[in-house]
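>>> Following is a predicted model, sequence given first.
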Amino acid sequence: MLRLIRNLKELYRYRALIYNLISRELKARYRGTILGFFWSFLNPFLLMVIYTIVFGIIIGPRDPAFGGSPWLYALFLFCGVLPWVWFSSSSLESANVLMIHGNLIKKILFPAEILPIVVVSSNLIHFLFGLPILFLFVPLLGRPYTLYLLFLPLIIFIQFIFSLGFSFLVSSLTVHFRDIKDILANLLTFWFFSTPIVYPMTFATIKKSKALRVFINLNPMTHIMQGYQNCVFFGDRLYWHKIGATFGLSLLLFFFGYYLFDRLRDSFPEEV
Amino acid sequence: MVAIEVENVTRIYQKYSARHRFQTFKSALVKGDLFQALKPDELVTALDKVTFKVEEGMTFGVIGENGSGKSTLLKIIAGITKPTSGRVRVEGKVSALIELGAGFHPEISGRENVYINGIMLGLTKQEISKKFDEIVKFAELEEFIDAPVKTYSSGMYMRLGFSIAINVNPDILLIDEVLAVGDAAFVPKCLDRIDDFRRRRKTILFVSHDLSTVERICDQVMWLKGGRIQKIGDPKRTIDAYLQDVAEKKEVDFEKRRRDVEVTQHWEEGRRENRWGKREIEIKKVRLKSMEGKEKHVFSPNEGMIIEMEVSAAFPIKDFVFGIGIFNSQGICCYGTNTHLEDFEPVLIQGEGKVICRIEKLNLINGTYYLDVATHKRDGYPYDYHRNLYSFLVSSLYKDEGVARPEHHWEFSPEIKIKPPQDRGLARSKRE
């Protein structure tokens, strides 16, 4: 534990590098495209349009919470999909990041944990770019802004810690077990549908089945996603005990992930 | 003061990594030889109980063949890899030039890469800003610094990498064979910079195959062989010992190869092109000509041939013999002679000259012939021996057999009724 804290202090010395790598990542991503940074807004917007058409208009909302309005359902979907994209692309990129930057790990002395941190952070920034689109659609699709929006940074912070922990775990293990990359892609699909993103917790099937409720509630992402939905969409009902427990779990995952990463650190230069 | 202290350092690599095992895990399950797949792997000892010290301000060279552990040693001193056992102590800030430009991002500009690379190597943003112009100037990239790095040539890439690393201003500089890619103008510049480091009494650990540079700049040299220290000390003596070792190894290789060649040559008699001799007298050019002096390579059996050799003696020589030999395609010597056999008495050869051998009539049968020409001492010591280097063709309408075609003609008593051949051009000689 002491060693971890010392490592974290050491990381603070490298904050300029982290900052630079994130900005490099963001710059490099749209380098050479005509629309450039505008893509950061356009991507979530187009995603929103697709979800509205497919789930709102073609399939249609089946839960009474949306009163049959495809627009409301699309907004609800978007509240969950936007942060989920942050989480899933962070995890998938982390699985590769140590191998992609193997050159750095092999040739330059620097703390490797910077790499997953940069992945999660640059995806966070993309997520933040998408938020104005979300906020823009809240009144357009007929929902009021509420004071619960002020809790949004807290939810984002919890997800950040959780994602970091998960990324540490995934990135360090993938170095030794390359299969994780493929397992992860499937796991994330399964995880997506185990989280109330396309359906609310009030959905009839879930209400009826206790086992299903327990299962979904054991999923930490459930409470993070519900946090977003409650802050932005419903504007009420924050379950503080669940959010608190999720935060605790996120911290636990963070330290466990970091511990594992630290233990495996010495093997990276050889294995990547 | 000691800048680098390496004590009993051993580094062992697994030949097949755990990852590899995991990849074979699936196939192992399928084939059912799980236990075989999981048995311990072969280990490779890259460094074996290496102990040495480098005093502060010293330029310390490390030499050895590929795979002798030089790079592993450098990585351990840089802290990039950990030793399997043993201890390393390093006093001061280390900058390792192990791979230049490692971590450059191809999509972003040289300018941004300088900042990121500099920070990775331990500079602060302010320090980089202060040194930025110097870095760019040294790399000679003023015009291109805002272009994406992917548009750089490998030389530009390397120059920028070197320029950043050298401007980190470390106490200890580790250099691993990075100068090998530089062009003729940039390498001396880098060496100047390294000399500058030496004058400022910084410690340098220099790994290189460029032995003359090692000898020039190093105060002490260590020779690694198979992960062990073979010799350590005075540069000249260590390098000599290393070269001796390499030469012995080469000699053995060469000897073995030569023996292989000899065996095969013995079996495929003849046709191999060859030339030997120390060329005190050199046969520079050999021409085959007709009697009229026209260069040609296809002759008829009744034609004459001129063999013209341009020779040149490196210094005045009193003992020399010129010879020729004609071989058919089976490798049989049809005719051979030399000036000694024909009792010419050599007096002196000096500078350039010409030797001409006129054969009035070839008298050979149809076929391809190979020519040996040689100059040697009377006792056979070769100056220049050309074996089967020249060939010519004899084209005859007769299908006669044998090695040579002695001049002859037929006569018949009147009782025998026989028709002479039709005049077919070449047949004219027959009944003259």
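Right, received. Where do you want to start?
>>> What ranges does the stretch 201-350 of chain B have for its strands?
B:203-207, B:220-225, B:228-233, B:274-276, B:281-289, B:298-299, B:305-317, B:321-328, B:333-338, B:349-359 (DSSP state E, counting those that start in this stretch).
>>> Same question for the stretch 101-250 of chain A.
Under DSSP E, counting those that start in this stretch, the stretch 101-250 of chain A gives no strands.
>>> The residue in it positioned nearest to chain B: what's it in contact with?
Closest residue of the stretch 101-250 of chain A to chain B, CB to the nearest CB: A:K107 (3.9 Å). (Each C-beta comes from the backbone N, C-alpha and C, glycine too.) Residues near A:K107 by CB atoms under 8 Å, 6 or more residues apart in numbering or on different chains: B:I80, B:A96, B:I98, B:E99, B:A102, B:G103.
>>> Could you find the closest non-adjacent residue to residue 215?
Unless you meant another one, I'm taking chain A. Distances taken as CB to CB, 6 or more residues apart in numbering or on different chains place A:S194 nearest to A:F215, at 7.2 Å, with adjacent residues excluded.
>>> let's do chain B instead
Nearest to B:E215 is B:P235, by CB to CB, 6+ apart, at 5.0 Å.
>>> Near that neighbour, how many other residues are there?
21 (other CB atoms under 10 Å in any protein chain shown).
>>> From chain A, how far out is it?
In this view, B:P235 and chain A are 27 Å apart by CB to the nearest CB, to the nearest Å.
>>> so that residue makes contact with B:V214?
Yes. When contacts are counted by CB atoms under 8 Å, B:P235 is listed as touching B:V214 (6.6 Å).
>>> Identify the contacts common to those two.
B:G61, B:V221.
>>> Please name whichever of the strands of the stretch 201-350 of chain B is nearest to A:N43.
strand B:203-207 (47.6 Å; CB to CB).
>>> Go ahead and confirm B:I164 touches B:I116.
No. B:I164 is beyond contact range of B:I116, at 9.8 Å (criterion: CB under 8 Å).
>>> who's more crowded, these two?
Neighbours were counted for B:I164 and for B:I116 using other CB under 10 Å; B:I164 has more, 30 against 21.
>>> Quick check: chain neighbours aside, which residue is closest to that one?
B:N117 (5.0 Å).
>>> how many other residues sit next to the one you found?
28.
>>> Kindly report the same for A:L150.
Using other CB under 10 Å: A:L150 sits among 9 other residues.
>>> ditto for B:Q220
Neighbour tally, B:Q220, other CB under 10 Å: 18.
>>> B:F60 is in contact with that one, correct?
Yes. Between B:Q220 and B:F60 a contact is recorded at 5.4 Å, counting by CB under 8 Å.
>>> Overlap of the contact sets of the two?
B:V54.
>>> re earlier: what about the residue nearest to A:F215, distance to A:V175?
According to CB to CB, to the nearest Å, A:S194 and A:V175 sit 27 Å apart.
>>> So for those two, which residue has more residues nearby?
For A:S194 versus A:V175, neighbours defined as other CB under 10 Å are more numerous around A:V175 (25 against 15).
>>> Just list the residues touching the more buried one, thanks.
A:V175 neighbours (CB under 8 Å, 6+ apart): A:L98, A:M99, A:L264, A:S267, A:F268, A:E271, A:V272, B:R19.
>>> So which bits of chain B are right by chain A?
B:13-14, B:17-19, B:22-23, B:26, B:75, B:78-82, B:94, B:96, B:98-99, B:102-103, B:105, B:107-108, B:112, B:115-116, B:119-121, B:124-125, B:148 (CB under 8 Å from any CB of the partner chain).
>>> For the helix or strand hosting B:N388, name the packing helices and strands.
Element membership for B:N388 (DSSP states H and E) is strand B:382-394. For strand B:382-394, the packing partners by 3 or more CB pairs under 8 Å, 6 or more residues apart in numbering or on different chains; DSSP states H and E come out as strand B:274-276, strand B:281-289, strand B:298-299, strand B:367-376.
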